[in-house]
Every structure is written in structure tokens, then in C-alpha cells.
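Trainee: Below are the sequence and a predicted model for it; my questions follow.
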Amino acid sequence: DNDISLLDEILGRISGITPEEDAKLLELEDRLSELVSNGQVVVFTYYADTLDYIFEQVAESEKFRRLRIEKISGRMPPPKREEIVKKFMEGDVQVLMSTDVLSEGMNLQSAQFVINYDLHWNPTRMIQRSGRIDRIGSPYPKIFVYNFFHRLDLVTSDVASKFVNTMVREIGLQLDSYLLDFPEDREWERRWEEVERNLLGMRLTKRRLRDLRKIWRAYKEGHKSWKRLMTQLEEFVVPSVVESREMVEPFDPGKLRLVVIDFIS
């Protein structure tokens, strides 16, 4: 009974999510709009139901009405699949969506882009997917593979913000008492302002929050110099700044990130 109640609750929460609110689908549409003018696109999903869903939404979208979009799954007879692939290779189809039934034995080197809407649990399958377009005879010097995945390890904002704000406030108070109006001190003040801005603006994963707490604990318990602390914090925020630039601005519901891997044929 408890399991049924839990499933009913989950179903109730997700049933209200419409395609207009589906962050992952919206990102797919944006990515297709960006890529399709530069080459053909192959989209892979793990589940046939997911394939049916995204195909229906994209194919019926007004923004893609000028495109020829097809789908392939294991539910389709092999002769029909071969016919669609032939049209794709001839350039009559711009976007081909498929499950992993297409990840082996099919050469699709006329395409420049692969989008993995779902990630396969088997890494070999992921290689096979990209291998459909990474073939000898490709007209492109580079092909691109886009992986969609959720950032499930982000710490809730309240937990991270409370710790970071407390730490920043304590450091600020200490520096006010340490720093004087000398050129060297003004430089340290400038460096701290930059670190403070990055700390307050970053999104922390559980691992990164743990690392930050470790730095702060070592400073407070080990009585290390504040200059050493500043240097460690500067080193800490650098990868976070790079990561924040790479992250797709999260929608609600769901957080996702695109990773672009380029393969040289």
C-alpha cells in the first residue's frame, strides 16, 4: 500500500508537467534549431516511448514545419527502417530520431551531429551511437556529439548559501582588522573582492561543498595564515567559474547540462 501511495504521489506530480514546461524537450528544440542549418542531426533515445514523445512534439512544432523529420524504432519492420535510412543518406530527411536499434550496422556519415537525448548505461552503446556518423567518407572534418544529462549532485541552495555566507562574513570581518591602507593590502583587498564575488555566485556540488568546508576547517582549526587561505580560495573558485560558464541555465523542473564532444574523422 505504501509503495502504491508513493507511486500515485509521483504520478500526480509529473502529470502536471506539460511539453511547454519540459526543460529537456525545450533544450532539444533549441539545439535542433541551432544545428540543423549546418548539417543533418541524429537523435538517440533509450526508450521507445521517449522516442514517440519527442518525435511527436518536435515534428508537430511550428518552428520545424519546413523540416523532414523521421523516427526509427524496433517496432518498425526492417524494410521500413532501411527505407528511412536511405532517404536520410540522400538528404531528404534532416533529422532522424531513433532508439539503439540504429546504433549498430548503419552508416549515417552524411550527418554531422548526434544528440544523445538519453544516455545508455552501457558505454559501448554510446560509442556505437557516435560511430554511426564518425565514418570514413564523412564530408565533415569534425563531427559533434551532444549528451544531455541531469546535474543530480547539486547541493540545495539553502544548505550551500548558509555555509558560504557565514564563511564570507567571517573572512570579511577578519580582513577589516588585518588590512591597512598600504598598496600591498589594497591588492589583497581586491583579490578578496573577486573571490567573494565568485563564491557567492557559484553553484556547488556535494563534493565541491565538502572541499570548501575542508579548506575553511583547516584554516580555523590549524591557525593557518589568512594569506594562505586566500590563495586556496582563489584556486578553489577557478574551476567553478569555468564550470558555471559551461552550464546551461537550469529550467524548472530539472537541471541539465550539455557536454559537447567533438570527434575528428
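Mentor: On my side now, so go ahead. Just so it is clear, the structure is predicted and the values come from calculations on it, not from any experiment.

Trainee: switch to C-alpha atoms for all contacts and neighbour counts from now on
Mentor: Fine.

Trainee: The stretch 1-150 of the chain: strands as residue ranges?
Mentor: With strands called from DSSP state E, counting those that start in this stretch, the stretch 1-150 of the chain shows them at 40-44, 69-72, 95-98, 111-116, 142-150.

Trainee: counting contacts, what elements does the second one pack onto?
Mentor: Right, the one you point to is strand 69-72. In terms of contacts (3 or more CA pairs under 8 Å, 6 or more residues apart in numbering; DSSP states H and E), strand 69-72 is packed against helix 48-59, helix 78-89, strand 95-98.

Trainee: do the same with the longest one
Mentor: Judged by 3+ CA pairs under 8 Å, 6+ apart, strand 142-150 is in contact with strand 111-116, strand 256-264.

Trainee: which stretch in those is the model least sure about?
Mentor: Here the lowest mean pLDDT among these goes to strand 256-264, at a mean of 43.

Trainee: Out of the helices and strands packed on strand 69-72, the one nearest Ile14 is which?
Mentor: helix 48-59 (14.7 Å; CA to CA).

Trainee: got the angle for the closest one vs strand 40-44?
Mentor: In terms of direction (axes from the mean of the first three to the mean of the last three CA atoms, to 10 degrees), helix 48-59 departs from strand 40-44 by 150 degrees.

Trainee: Can you name the residues in contact with helix 48-59?
Mentor: The contact list for helix 48-59, computed with CA atoms under 8 Å, 6 or more residues apart in numbering, reads 19, 25, 29, 44-45, 64-65, 69-71, 73-74, 97-99.

Trainee: centre of the chain versus that helix, how much separation?
Mentor: Offset of helix 48-59 from its chain centre (CA atoms, centre = their mean, to the nearest Å): 20 Å.

Trainee: same thing with stretch 125-132?
Mentor: On CA atoms, centre = their mean, the centre of stretch 125-132 falls 19 Å from the chain's centre.

Trainee: Okay, buried residues for it please.
Mentor: Neighbour-count burial for stretch 125-132, counted by 16 or more other CA atoms under 10 Å, picks out 126, 128-132.

Trainee: I'd like the distance between His120 and Trp188.
Mentor: To Trp188, His120 is 48 Å away according to CA to CA, to the nearest Å.

Trainee: show me where pLDDT drops low in the protein?
Mentor: Residue ranges of the chain with pLDDT under 70: 1, 16, 103-105, 150-158, 180-181, 223-224, 239-265.

Trainee: can you list the domains in it?
Mentor: The record's domain split for the chain, according to automatic domain parsing, is 18-151+248-264, 157-242.

Trainee: Nearest to Gly12, out of those domains?
Mentor: Closest among the domains of the chain, using CA to CA: domain 18-151+248-264, at 12.7 Å.

Trainee: circling back to that earlier point, and the buried residues of stretch 125-132 as CSV, adding distance to Leu200?
Mentor: Output for the buried residues of stretch 125-132, formatted as CSV (distance: CA to CA, whole Å):
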residue, distance to Leu200
Met126, 37
Gln128, 42
Arg129, 40
Ser130, 38
Gly131, 42
Arg132, 44
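
Trainee: Okay then, goodbye and thanks.
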